[in-house]
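Chemist: Pasting the sequence and the predicted coordinates here, then a few questions.
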Amino acid sequence: MTEYSSLEKIRLQKLEELRAEGIEAYPTRATRTHMSLQAIAEFEEAEKVEGKQVHAIVAGRIRASRAMGKVSFAHIEDGDGKLQLFFRINELTQARVEFFNRMFDLGDFIQAEGVMFRTKTGEVTLHVHDFKLLAKSISPLPADKDVTQEDGTVIRFAALEGHELRARQRYADLAVNPEVRETFRKRAKLVKSLRTFLDDHNFLEVETPILQPLYGGAAARPFTTHHNELAQDMYLRISFELYLKRLLVGNIERVYEIGRDFRNEGVSFKHNPEFTQLEFYWAYADYLQVMELTEQMVAYAAEQVTGSTKVTFGEHELEFKPPWKRVEMREGILETSGIDIAEHKTAEDLFKAIKAKHPNKTPDPKTTRGKMVDFLLGEFLEPTMIQPTFLYNYPRDISPLAKSIPGDPLTVERFEGYVAGFELCNAFTELNDPLDQEQRFLEMGRDYAADDEENTPLDEDYLRAMRYGMPPNGGFGMGVDRLAMVLTNKHSIREVLLFPALRKEE
RNA sequence: GGGCGCGUAGCUCAAUGGCAGAGCAGCGGCCUUUUAAGCCGUUUGUUGAGGGUUCGACCCCCUCCGCGCUCACCA
């Protein structure tokens, strides 16, 4: 049973009064001829011609109102912007102006018809000749008006604040904060620009299963569910990789998918349990070609979304114009930590070297060499990669799906793109040798067993596909939400997700 | 999961052991070009929940709930 606040009770009272007067508070249809900005633009054009009038019917949500006895002003907001309405008893009668003042509240949807004019203070305004209620708002939207502190010195803008409430009631957040609507328009532009770019480069967009009998392509815990009729457990995908690469076997040479991945892991400013991923696979290309395509694609997206390849992110000015900086993993770690990983070919050696150089910053001594390299990367190198940077040549044992560098058994042809100190994308020359792949899967299974973690299942069907023959190819994956964060200057993934994962209410 | 912090009116926030407040919103009144409208008057509280200490608790203690930051985890 809904508990109404005192303010809501007053509005419900008004609703009853309207119905008693035979006025429909939620009429079925609206008749709009002009968007707010369109009406203003047309008027400004017509002003140049003597005696020309602009007649308009507008519709929107009431965001402010000022009653002054025999005249009233209000601002409505529609999908375009804001427009001021002017009500006067001369055109409307005293009773109608009072009706407006008494029965209409902030947040109500209204339709107003009239003639455009310019007020004494110069604002282009609709002089209302007729109006009707389109939808009554029962719950007041969070206050959005400015507030004056004593002394008149401190002016605050009280809007809907607080991350939790804004995320939980995104509808109210959007209704009250236009810049939030803008963020999600930019996000839509981003996704569209990525599609356009890949389509223009002859990649085929596909949709592969979200509900999978086995999961793979990344090291993350999955969400598990159950299919009753088939009597088997199923998983929400943690990546698209193994399905998209099956398509390479099927002679589709360039393929991509944009969609949702699900990982049953921690939540943070850059992690949400479901997130949008872009992956593409490109036959006959290697990781260096993928690198070039990546910087072109992201630069294109930045330009489409923000109008420039120069993007402000917090205190940083990021330049996405190719070519991006390239840092070789061994050199980058040597430069930032003073440790040459090439000189320490076992986990034991590497651990000793780290301990000797940085006694206060050591990884778990029982972990693998690759994870220690990853530790050095996160601890020393990552924070230095603010401008878009490709970090390349990764340890083999943390890259089970990447191809080794010829002549270097410890290193694979893999790169990650970094921006503002965090990982944006991950790519490699894909492993296409089915026997090597099987070996890697088995090794990985051992590592997991050793860590006493959940075992990653071996995907026999994927190996079967590979045995038919897979062309050499380069593959790529990117967290679209993270790119959205960077391009909209938001520092939490929740700000670029309409409905981020939250704990259940009550 | 660990650490730190927050939770007070519809909204944004005060009140550090002694009568729970302000601005905005709301309600009533005045006002025919306002836009942070103005002026006069006025309503609104399970101080997240439960327990404890105390003559007295928003304040101190305990438990729980929710949220934020951070660490850990996270190819």
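Modeler: Done, it's in. Numbering: from 1, shown residues only, chains lettered A, B, ... in the order given.
Chemist: Break down the stretch 251-400 of chain A into its strands, ranges please.
Modeler: Remark: strands assigned in the stretch 251-400 of chain A by DSSP state E, counting those that start in this stretch are A:254-262, A:274-283, A:310-313, A:316-319, A:325-328, A:389-395.
Chemist: Serialize the ones you listed to JSON lines and add fields for mean neighbour count, distance to RNA strand B and mean pLDDT.
Modeler: Bear in mind the C-beta positions are built from the backbone N, C-alpha and C, glycine included. As requested, these are arranged in JSON lines below (neighbours: other CB atoms under 10 Å; distance: least, CB to the nearest atom of the strand, whole Å; pLDDT from 0 to 100):
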{"stretch": "strand A:254-262", "mean neighbour count": "19", "distance to RNA strand B": "11", "mean pLDDT": "95"}
{"stretch": "strand A:274-283", "mean neighbour count": "22", "distance to RNA strand B": "11", "mean pLDDT": "95"}
{"stretch": "strand A:310-313", "mean neighbour count": "16", "distance to RNA strand B": "15", "mean pLDDT": "92"}
{"stretch": "strand A:316-319", "mean neighbour count": "15", "distance to RNA strand B": "16", "mean pLDDT": "92"}
{"stretch": "strand A:325-328", "mean neighbour count": "16", "distance to RNA strand B": "16", "mean pLDDT": "94"}
{"stretch": "strand A:389-395", "mean neighbour count": "22", "distance to RNA strand B": "9", "mean pLDDT": "93"}
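Chemist: Relative to A:Asn101, which of those is closest?
Modeler: strand A:310-313 (44.0 Å; CB to CB).
Chemist: what about A:Glu413, which SS state?
Modeler: Look at A:Glu413: counting by DSSP: H, G, I helix; E, B strand; the rest coil, its state is strand.
Chemist: Report the spatially nearest residue to it, omitting neighbours in sequence.
Modeler: A:Thr429 (3.8 Å; CB to CB, 6 or more residues apart in numbering).
Chemist: what sits opposite that neighbour in the beta ladder?
Modeler: A:Gly474 (DSSP bridges).
Chemist: Distance-wise, check the nearest residue in space to A:Asn432 that is not next to it in sequence relative to RNA strand B.
Modeler: Nearest residue to A:Asn432 in three dimensions, chain neighbours excluded: A:Met470, at 4.1 Å (CB to CB, 6+ apart). Per CB to the nearest atom of the strand, to the nearest Å, A:Met470 is found 17 Å from RNA strand B.
Chemist: quick revisit: was I right to think the residue nearest to A:Glu413 contacts A:Ala283?
Modeler: No: look at A:Thr429 against A:Ala283 with CB atoms under 8 Å: they stay out of range, at 11.7 Å.
Chemist: Can you tell me the number of residues neighbouring the residue nearest to A:Glu413?
Modeler: The burial count assigned to A:Thr429 is 23, neighbours taken as other CB atoms under 10 Å.
Chemist: same question, the one 4 residues further on
Modeler: For A:Asp433, the count of nearby residues is 14 (other CB under 10 Å).
Chemist: list the contacts for it?
Modeler: A:403, A:466 (CB atoms under 8 Å, 6 or more residues apart in numbering).
Chemist: What is the neighbour count of A:Arg102?
Modeler: A:Arg102 has 11 nearby residues by other CB under 10 Å.
Chemist: With adjacent residues omitted, what lies nearest to it?
Modeler: A:Lys14 (7.8 Å).
Chemist: quick check: mean pLDDT across the helix or strand harbouring the one you found?
Modeler: Assigned by DSSP states H and E, A:Lys14 falls within helix A:6-20. If you average the pLDDT over helix A:6-20, you get 88.
Chemist: picking up where we left off before, which pLDDT value belongs to the residue nearest to A:Asn432?
Modeler: With respect to pLDDT, A:Met470 has a value of 96.
Chemist: who's in contact with it?
Modeler: Taking CB under 8 Å, 6+ apart, we find A:Met470 in contact with A:245, A:248-249, A:430, A:432, A:434.
Chemist: out of those, who has the most neighbours?
Modeler: A:Glu430 (29 neighbours).
Chemist: separation between that one and A:Ile354?
Modeler: Here the criterion is CB to CB, to the nearest Å. By it, A:Glu430 lies 31 Å from A:Ile354.
Chemist: burial of the residue nearest to A:Ile210 when sequence neighbours are not counted, as a residue count?
Modeler: Excluding the flanking residues, the one nearest A:Ile210 by CB to CB, 6+ apart is A:Arg237, at 5.4 Å. Residues within reach of A:Arg237, counting by other CB under 10 Å, total 26.
Chemist: Please report how far A:Arg237 lies from RNA strand B.
Modeler: 13 Å.
Chemist: what sits against that residue?
Modeler: So A:Arg237 contacts A:208-212, A:215, A:217, A:222, A:261-262 (CB under 8 Å, 6+ apart).
Chemist: re earlier: count the residues that sit near the residue nearest to A:Arg102.
Modeler: 18.
Chemist: Same check on the one 4 residues further on?
Modeler: Each residue near A:Leu18 was counted by other CB under 10 Å, and the total is 16.
Chemist: same deal with A:Arg19?
Modeler: 11.
Chemist: what's the answer for A:Glu265, then?
Modeler: 13.
Chemist: is it true that it touches A:His271?
Modeler: Yes: with contacts counted by CB under 8 Å, A:Glu265 reaches A:His271, the gap being 6.6 Å.
Chemist: residues touching A:Glu274, list them.
Modeler: A:260-262, A:501.
Chemist: coming back round to it: may I have the secondary structure class of the residue nearest to A:Asn432?
Modeler: Of the three states, A:Met470 takes coil according to three-state DSSP.
Chemist: And for the one residue in the stretch 301-450 of chain A that gets nearest to RNA strand B, the neighbour number?
Modeler: Here the residue of the stretch 301-450 of chain A nearest RNA strand B is A:Pro400; by CB to the nearest atom of the strand that distance is 4.5 Å. A:Pro400 has 21 neighbouring residues, counting by other CB under 10 Å.
Chemist: what's the answer for the one 10 residues further on, then?
Modeler: Counted by other CB under 10 Å, the residues lying close to A:Leu410 total 18.
Chemist: Would you check that it makes contact with A:Arg396?
Modeler: Yes: A:Leu410 is in contact with A:Arg396 according to CB under 8 Å; the separation is 5.6 Å.
Chemist: The contacts of A:Glu274: which two are farthest apart?
Modeler: Among these, A:Asp261 and A:Ala501 lie farthest apart (CB to CB), at 13.2 Å.
Chemist: and stretch A:332-339, how far from the chain's centre?
Modeler: On the basis of CA atoms, centre = their mean, to the nearest Å, stretch A:332-339 sits 33 Å off its chain's mean C-alpha point.
Chemist: and what of stretch A:182-198?
Modeler: Taking CA atoms, centre = their mean, one finds stretch A:182-198 lying 10 Å from the centre of the chain it belongs to.
Chemist: thinking again about what came up before, can you convert the strands of the stretch 251-400 of chain A into a markdown table and add a column each for distance to A:Met372?
Modeler: A markdown table is the format used below for the strands of the stretch 251-400 of chain A (distance: least, CB to CB, whole Å):
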| stretch | distance to A:Met372 |
| --- | --- |
| strand A:254-262 | 27 |
| strand A:274-283 | 27 |
| strand A:310-313 | 30 |
| strand A:316-319 | 29 |
| strand A:325-328 | 18 |
| strand A:389-395 | 9 |
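Chemist: can you pull out the strands in the stretch 1-150 of chain A?
Modeler: Under DSSP E, counting those that start in this stretch, the stretch 1-150 of chain A gives strands at A:55-67, A:71-77, A:82-88, A:109-118, A:124-135, A:146-148.
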